[in-house]
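Engineer: heads up, no residue letters with this:
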């Protein structure tokens with residue numbers, strides 16, 4: 001009987017830790033997704049790059065390259081200057097079986113919109129944008 005009680009307590013402890021760390025992990029993903037959304041809405045390249053990996057792939061209407069965070073800030077600052085935001089909203093979010101998160105959103109400016117696809121990877125217990133694609137609609 002004593003062994004059963006010990007195993008039951010051990011099982012409950014492990015289950016609690018699993019739920020706790022899963023919730024913590026989801027919270028980190030949500031923070032990045034929400035913070036990126038706000039940065040896109042306000043057109044803030046400085047806030048946006050805070051959530052990027054050290055090297056990030058940017059595909060801007062067919063022109064694709066990998067940039068450092070500093071270079072990415074200049075690219076996005078120019079993008080926001082040329083296309084000041086009116087709104088930004090997510091239309092879909094998901095995850096691959098391997099845990100790679102992705103978002104699809106619409107970035108609107110005065111004369112049109114861009115489809116925005118982002119891939120978010122877990123790096124050292126935090127989530128960072130690994131690539132962003134902006135395609136004029």
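Structural biologist: On my side now, so go ahead. Bear in mind that the values here come from a model prediction, so they are computed numbers and not experimental data.

Engineer: give the rounded mean pLDDT of the helix or strand harbouring residue 114.
Structural biologist: If you go by DSSP states H and E, residue 114 is part of strand 112-123. In this model, strand 112-123 has a mean pLDDT of 93.

Engineer: contacts for it?
Structural biologist: 25, 28-29, 32-33, 36, 40, 53, 61, 83, 88, 99-107, 127-137 (CB atoms under 8 Å, 6 or more residues apart in numbering). (C-beta placed from N, C-alpha, C; glycine too.)

Engineer: strands paired with it, and their directions?
Structural biologist: strand 101-109 (antiparallel), strand 126-136 (antiparallel) (DSSP bridges).

Engineer: closest one to residue 78 among those strands?
Structural biologist: For the strands paired with strand 112-123, the distance to residue 78 is smallest for strand 126-136, at 12.0 Å, taking CB to CB.

Engineer: quick check: buried residues in that closest one?
Structural biologist: Across strand 126-136, burial judged by 16 or more other CB atoms under 10 Å covers 127, 128, 129, 130, 131, 132, 133, 134.

Engineer: now swap in stretch 45-55 and tell me
Structural biologist: For stretch 45-55, by 16+ other CB under 10 Å, it's 45, 48, 49, 51, 52, 53.
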